[in-house]
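S.K.: Predicted model, plus sequence, below.
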Amino acid sequence: MTFKNIDVLILCGGQGTRLRPVISDKPKILAEIGGKPFIDILFDTLASHGFHRIILGVGYLREQIMSYFQAKPRKDFKIEFSEEETPLGTGGAVKKAKSLIKSDNFLVINGDALFSVDFEKFYKTHLDKKALLSMVLVEAADDSSDYGRVVLADTGGIMSFNEKIYNKENLISAGIYFMRKDVFGFMPSKDSFSLEYDFFPKILGHSYGFVNEGKFIDIGTPERYLKASRLFF
């Protein structure tokens with residue numbers, strides 16, 4: 001299976017307010033992990049799976065991100081930018097990138113996580129289920145009390161989002177999604193909204209979970225940012 005023609009949208013427009021005590025002068029996606037800019041780690045991971053076309057949803061300090069790729073172009077990727085003039089939230093950022101997305105199914109990634117995912121198996125499951133949206137799920141860590149839990153049916157269908165409970169599987173979203181392009185027809189009419197709170201709960205019955213056993217950590221807090229280097233390097 002090749003992912004050369006599957007578009008990848010990376011959401012990296014957030015202001016990263018929780019991480020500012022340790023990174024105050026740059027967007028999260030340019031933070032260094034193990035001495036290497038996070039964006040390069042993410043791109044290297046995607047390259048290893050054969051992805052080629054990347055759309056970066058940029059907002060806060062976007063000039064730094066765009067300048068980074070002007071100075072260090074990646075010949076192994078075709079890169080485009082979807083620019084937010086004002087904060088749109090995760091859902092609004094996906095919606096704004098619609099005109100740049102060409103593939104019938106596309107990958108969306110929150111731009112603040114390190115991960116190891118079997119994308120071939122994940123994509124096959126997405127197609128087999130004929131899902132509108134498929135979501136990578138991971139077992140919640142001890143320091144993930146700020147995440148909402150995802151409850152799965154026996155079929156793999158997602159029954160509920162953002163439940164602040166500990167269910168038997170104790171699963172949370174990894175912020176990695178395959179979406180069919182017709183997902184835009186299900187989105188709110190407003191420009192700014194959250195995927196997690198304003199959209200996902202409205203598409204129950206059309207979404208499936210993919211439980212991933214690989215490593216995962218987001219770098220959204222100082223504690224997790226410092227932990228990331230120990231986990232992945």
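M.R.: Cool, the structure landed. Source: prediction; values computed, not measured. Numbers count the residues shown, from 1 in each chain.
S.K.: Paired strands for the longest strand along the chain, with orientation please.
M.R.: Assignment by DSSP state E gives strand 171-180 as the longest strand of the chain. Here strand 171-180 is paired, per DSSP bridges, with strand 105-110 (antiparallel), strand 133-139 (antiparallel), strand 149-152 (antiparallel).
S.K.: Okay, Arg53 and Ser116: tell me how far apart.
M.R.: Arg53 sits 22 Å away from Ser116, going by C-beta to C-beta, to the nearest Å. Every residue, glycine included, has its C-beta placed from N, CA and C.
S.K.: more crowded one of those two?
M.R.: Arg53 (20 against 11; other C-beta atoms under 10 Å).
S.K.: Do I have it right that the more buried one meets Val8?
M.R.: Yes: using C-beta atoms under 8 Å, Arg53 is in contact with Val8, at 6.8 Å.
S.K.: related to what we said a few turns ago, so which of the strands paired with strand 171-180 gets nearest Leu42?
M.R.: Evaluated with C-beta to C-beta, the strands paired with strand 171-180 place strand 105-110 nearest to Leu42, the distance being 7.5 Å.
S.K.: what's the average pLDDT for that closest one?
M.R.: Per-residue pLDDT over strand 105-110 has a mean of 96.
S.K.: What are the buried residues along it?
M.R.: Neighbour-count burial for strand 105-110 flags 105-110 (criterion: 16 or more other C-beta atoms under 10 Å).
S.K.: Please point out which parts of the very next helix or strand once past that strand sit buried.
M.R.: Next helix or strand after strand 105-110 toward the C-terminus (DSSP states H and E): strand 113-115. Residues 113-115 are the ones in strand 113-115 that count as buried (16+ other C-beta under 10 Å).
S.K.: Off-centre distance for strand 113-115?
M.R.: 9 Å (C-alpha atoms, centre = their mean, to the nearest Å).
S.K.: Name every strand pairing with that strand and say which way it goes.
M.R.: Here, using DSSP bridges, strand 113-115 pairs with strand 216-218 (antiparallel).
S.K.: can you give me the helices for the protein?
M.R.: Here the chain has its helices, by DSSP state H, at 38-48, 62-71, 89-96, 119-128, 222-232.
S.K.: Is the most centrally placed residue in the chain bridged to anything, and to what?
M.R.: Centroid check for the chain by C-alpha atoms, centre = their mean gives Ile109 as the closest residue, at 2.0 Å. With DSSP bridges as the criterion, Ile109 is bridged to Ile10, Ile176.
S.K.: Surely it touches Ile176?
M.R.: Yes: between Ile109 and Ile176 there is a contact under C-beta under 8 Å: 5.3 Å.
S.K.: follow-up on the earlier one: mind checking the helices of the chain for the one nearest to Ser160?
M.R.: helix 89-96 (18.0 Å).
S.K.: Right, I'll leave it there.
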